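Chemist: what's the 3D shape of this:
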Amino acid sequence: MLAIFNRACDLVGWLEIQGNTSYIFDQDWNWIAFADGSAVFSTNTSHWIGAFVKNTFVDKQGRPIAWVEGCEPVPSFAPMKPMSPEIPRKLKHISKPSAPAKPASPALALHEWSQLQWSTWLNQLN
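Modeler: I've put the predicted structure just below:
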């Protein structure tokens, strides 16, 4: 289980990778999104919301939203819209780690970040 941080270096969620599927949880351990390969879909809306590339969650333009602990966020090319995914089964057992230390601010210019906040990105309707 890996911590997910936003551009302010705040803990916004957790990532569990199992095979080709990545499960994304909020801070209260609710399953909020999943990545099928690199394409990320909201479990709330079932809509494609962006991609998970090089340990960075990016919007549809390839701009970083958040990143995984131990990595540096990186911008990407705009991801291609994927086909509709098969929704994975919910995980039954989750080992919950303790909260990590706040990381140092990443060396990414402000204009390289997405304008979307984590919660807005997760709840996109199109």
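Chemist: the residue nearest to Ile24 when sequence neighbours are not counted pairs with what?
Modeler: Distances taken as Cβ to Cβ, 6 or more residues apart in numbering place Ala33 nearest to Ile24, at 4.0 Å, with adjacent residues excluded. From N, CA and C alone the C-beta is placed, and that goes for glycine too. Beta-bridge partners for Ala33, by DSSP bridges, are Ile24, Ser42.
Chemist: I'd assumed Thr43 was in contact with Ala33.
Modeler: Yes: here Ala33 reaches Thr43: they are 5.8 Å apart, a contact under Cβ atoms under 8 Å.
Chemist: so those two - more neighbours on which side?
Modeler: Set side by side, Ala33 and Thr43 show more neighbours around Ala33, with 24 against 17, by other Cβ atoms under 10 Å.
Chemist: contact partners for that one?
Modeler: Going by Cβ atoms under 8 Å, 6 or more residues apart in numbering, Ala33 touches Ile24, Val40, Phe41, Ser42, Thr43, Ile49, Leu122.
Chemist: read off the pLDDT value for the third one.
Modeler: What the model reports for Phe41 is a pLDDT of 93.
Chemist: burial count for it?
Modeler: 21.
Chemist: neighbours around Met1, how many?
Modeler: Neighbours of Met1 using other Cβ under 10 Å come to 13.
Chemist: same deal with Ala101?
Modeler: 8.
Chemist: quick one: it from Asn44, how far?
Modeler: 29 Å (Cβ to Cβ, to the nearest Å).
Chemist: SS state for the most centrally placed residue in the chain?
Modeler: In the chain, the centroid-proximal residue (Cα atoms, centre = their mean) is Phe57; its distance is 4.3 Å. Per DSSP: H, G, I helix; E, B strand; the rest coil, the local secondary structure of Phe57 is strand.
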